[in-house]
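>>> what's the 3D shape of this:
(chains A, B and C)
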Amino acid sequence: MLSKKEIEFCLQTIGEMFPHAECELKHTNPFELVVAVALSAQCTDALVNRVTEGLFQKYRTPEDYANTSTEELEQDIRSIGLYRNKAKNIKKLSEMIINEYGGVVPSDRDELVRLPGVGRKTANVVASVAFGVPAIAVDTHVERVSKRLGFCRWKDSVLEVEKTLMKKIPVEDWSVSHHRLIFFGRYHCKAQAPKCGECPLLSLCREGQKRLKKGLVKAI
DNA sequence: CTCCCGATAT
DNA sequence: ATATCAGGAG
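I've put the predicted structure just below:
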């Protein structure tokens, strides 16, 4: 596992590669962010944004979702995968926000997790992006990058990855580091065809060195 | 662990 | 053709 110092160096280097790493899910308020992140499970941000562009015109408040039939909402988000679960979750979550939170999205992570379709990762995104609460949401990119670089162990659960990152990164850097890891994973250290050949972190990357020995790294 | 699931990259 | 995508629930 990389030391605190080495992780700090990695995050700074990644920050130079992606100086504008921030949330790419389009939204204009916390409620829209909750809906967008709930839709984003196992689906690209680009596709979510394509769908929410029309969705947020049609549905502006939790009441709008609560007053729609599940079938109609399913059709409105059909092009996103897992649409039946997501439609049901968004309708229920809207009802809960109306009935239990006075129509206002809670900022507390434990309250957010009570909402259907909102797990720890989604709650961390909402708390962090919408309310400025320090958090590290461990999604597929953060998990993969952390394991490849050696920020944590390969066998670690997503919760263990999150705990390790919180321990090794200063609180004031949690949110920005989280977004840097997302961008690095999404555009550079991709699941398929990672760009190890043009990676400034290759020399200290455990997975990169392994790929180098296997002859999988194309020089740039 | 399995299921949910369409769009896109490889 | 197959893998992957800002996962969560049962």
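
>>> In chain A, what residue lies closest to DNA strand C?
A:G119 (2.6 Å; Cβ to the nearest atom of the strand). C-betas here are computed from N, CA, C, even on glycine.

>>> residues in contact with that residue?
A:V113 (Cβ atoms under 8 Å, 6 or more residues apart in numbering).

>>> what's the spacing between it and A:V126?
According to Cβ to Cβ, to the nearest Å, A:G119 and A:V126 sit 11 Å apart.

>>> And A:V133, by the same measure?
9 Å.

>>> Show me which of these two is the more surrounded one.
Applying other Cβ atoms under 10 Å to A:V133 and A:V126 shows that A:V126 carries more neighbours, namely 28 against 16.

>>> OK, contacts around the more buried one?
Neighbour list for A:V126: A:P30, A:L33, A:V34, A:V37, A:V105, A:L112, A:V118 [criterion: Cβ under 8 Å, 6+ apart].

>>> Run through the helices of chain A in chain order.
Under the criterion DSSP state H, chain A contains helices at A:4-17, A:30-39, A:45-58, A:62-66, A:70-76, A:83-101, A:109-112, A:120-131, A:140-149, A:158-168, A:174-187, A:206-213.

>>> Residues of chain A that sit close to DNA strand B?
By Cβ under 7 Å from any atom of the strand, the part of chain A that sits against DNA strand B consists of A:42-44, A:47, A:78-86, A:190, A:192-193.

>>> List just the nearest of those to DNA strand B.
A:G81 (1.7 Å).

>>> where does the residue positioned nearest the centre of chain A sit relative to A:H178, distance-wise?
Centroid-nearest residue in chain A, with Cα atoms, centre = their mean: A:D139, separated by 4.9 Å. A:D139 sits 9 Å away from A:H178, going by Cβ to Cβ.

>>> which among the residues of chain A next to DNA strand B end up buried?
Buried by 16 or more other Cβ atoms under 10 Å: A:C43, A:I80, A:Y83, A:K86, out of the residues of chain A next to DNA strand B.

>>> can I get the residues you listed in CSV with pLDDT and distance to A:Y59?
Converted to CSV, those look like this (pLDDT from 0 to 100; distance: Cβ to Cβ, whole Å):
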residue, pLDDT, distance to A:Y59
A:C43, 97, 18
A:I80, 97, 15
A:Y83, 98, 15
A:K86, 98, 13
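
>>> filter the residues you listed down to the ones close to DNA strand C.
A:C43.

>>> Just the closest of the buried ones among the residues of chain A next to DNA strand B to A:R206, please.
Looking at those and their distance to A:R206, the nearest is A:C43, at 29.3 Å (Cβ to Cβ).

>>> What values do phi and psi take at that closest one?
With angles defined as degrees, to the nearest 10, A:C43 sits at phi -160, psi 150.
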